[in-house]
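Visitor: Please work out how this folds:
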Amino acid sequence: MNPVFIPGPTNIPERIRNAMNIPTIDHRAPGFADYLDPLLADLKTVFKSKDGEVLFFPASGTGGWEAAIANTLSPGDKVVLARIGTFSERWIDLCQRFGLQVEIIDCEWGDAAPGERYFDLLKSDTGHEIKAVLVTHNETATGVTSDVAAVRKALDDAGHPALLMADCVSSLASIDFRMDDWGVDVAVSGSQKGFMLATGLAIVGVSQKAIAAGKTAQSKRCFFDFTDMLKANSAGSFPYTPNMPLIYGLRESLDMLLEEGLENVFARHNRIAEGVRRAANAWSLKICAKRPELYSDTVTTILVPEGFDGNALTDHAYKAYGVSFGVGLGALAGKAFRIGHLGMLSDVMALSGLATIEMAMKDLGYPIELGSGVAAAQEHYRRSQANVSLKAA
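Guide: Just a heads-up that it's a prediction; the model follows:
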């Protein structure tokens, strides 16, 4: 079976697939607490949080967004969010459906969430009407990683008490994320990206401040209620039937991540991503992210030349070679394609994806030299692997 090169769902390792192959297990059995407690503790390690709590719900990342809003805010509350791509756009839509007033910071696609513009809005909000600041840590539509610490600094410099929420669906367990250090109150992730699982778990980190906000928040919630989940988890259970195969898969995922070491996981993603970026440069194709410091280590969005259709390219790669790449989304539909490089991925797997998309481009008459991108990535992987080996020695 060919690997996928989309920014989620990602490839599932055999270890995790095998771990999910379980018989029916009673989630209310007395011994389940002994299984659940260490799982939640290890999730806190991945979020880099000692003070917060981690909850997970049977849902996708969108369910995590809804949980974040429903548990901390009330209809009519004002929030601020930078629109930098499709997924920040969707979070805005969700907030509006909950009756929130959304102050939108519009940015050019390919740019990151601007800390200075957050600061200007927060500083001018002397009455503290803004109740939450939202930021998309990693925008998968554009391949841009924003500086969450800069948004926290904007809050601190403005002396503003608003909650800070971060969408880290496509960054957690792949790119460094520091919930406590960055003062994030709600961090939303999902099982299908860095955790290398199937879709089906919304994984949410919550600070004590966010939990306290739930005591006065007036938004309706039931399935996603933090209080119900925290109470049940403290007794070693859930308020309703959980997805046990995914929970057992999550245990194996955490074992794999912690065995490799989180810093090594981040370094591996950076190394593989850099090879993809060098391939794009060798093809003389432009990367959507405006500046190198914004480049995502989980997905690279590549603009296609004038006169070409990015969606036709990804369709051809799938039909001719049986390999999936990400289509252009929203404003980039037809104008770009995306190479996902997160989760279970090695340099050898990345090279197979680069060779495939290179063949597909050549088939469709793109002005590239066959083998050029692969060679650029090979050189990077070869040299960086040599450096790793020398350091290890």
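
Visitor: neighbours of E259, just the number please.
Guide: As a burial measure, the neighbour count of E259 was computed by other Cβ atoms under 10 Å and equals 9. Every residue, glycine included, has its C-beta placed from N, CA and C.

Visitor: so it is in which element?
Guide: Under the criterion of DSSP states H and E, E259 resides in helix 244-260.

Visitor: Now that helix: buried residues?
Guide: Applying a neighbour-count criterion of 16 or more other Cβ atoms under 10 Å, the buried positions in helix 244-260 are 244-254, 256-257.

Visitor: just stretch 112-127 next, same as before
Guide: Residues A112, A113, P114, G115, R117, Y118, F119, L121, L122, D125 are the ones in stretch 112-127 that count as buried (16+ other Cβ under 10 Å).

Visitor: Make a markdown table out of those residues and add secondary structure, pLDDT and distance to Q218.
Guide: Written out in a markdown table, the entries for these read as follows (DSSP: H, G, I helix; E, B strand; the rest coil; pLDDT from 0 to 100; distance: Cβ to Cβ, whole Å):
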| residue | secondary structure | pLDDT | distance to Q218 |
| --- | --- | --- | --- |
| A112 | coil | 98 | 33 |
| A113 | coil | 97 | 28 |
| P114 | coil | 97 | 31 |
| G115 | helix | 97 | 30 |
| R117 | helix | 98 | 29 |
| Y118 | helix | 98 | 25 |
| F119 | helix | 98 | 29 |
| L121 | helix | 98 | 24 |
| L122 | helix | 98 | 23 |
| D125 | coil | 98 | 21 |
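
Visitor: out of the residues you listed, which one sits closest to I339?
Guide: Using Cβ to Cβ, A112 is the member of the buried residues of stretch 112-127 that sits closest to I339, with 19.5 Å.

Visitor: Which residue comes closest to the closest one once chain neighbours are left out?
Guide: When the adjacent residues along the chain are set aside, A112 lies closest to S146, with 4.1 Å between them (Cβ to Cβ, 6 or more residues apart in numbering).

Visitor: Got phi/psi on the one you found?
Guide: Backbone torsions for S146, taken as degrees, to the nearest 10, come to phi -90, psi 160.

Visitor: for A187, same thing?
Guide: Per-residue torsions, A187: phi -120, psi 120 (degrees, to the nearest 10).

Visitor: Run through the residues that contact it.
Guide: With contact set as Cβ atoms under 8 Å, 6 or more residues apart in numbering, A187 has these partners: F47, M165, A166, C168, L172, F177, M179, V204, G205, V206.

Visitor: Inside helices: which ones of these?
Guide: F47 (DSSP state H).

Visitor: how about JSON lines for the contacts of A187, with pLDDT and neighbour count added?
Guide: Converted to JSON lines, those look like this (pLDDT from 0 to 100; neighbours: other Cβ atoms under 10 Å):
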{"residue": "F47", "pLDDT": "98", "neighbour count": "24"}
{"residue": "M165", "pLDDT": "98", "neighbour count": "27"}
{"residue": "A166", "pLDDT": "98", "neighbour count": "29"}
{"residue": "C168", "pLDDT": "98", "neighbour count": "28"}
{"residue": "L172", "pLDDT": "98", "neighbour count": "28"}
{"residue": "F177", "pLDDT": "98", "neighbour count": "26"}
{"residue": "M179", "pLDDT": "98", "neighbour count": "27"}
{"residue": "V204", "pLDDT": "98", "neighbour count": "31"}
{"residue": "G205", "pLDDT": "98", "neighbour count": "29"}
{"residue": "V206", "pLDDT": "98", "neighbour count": "29"}
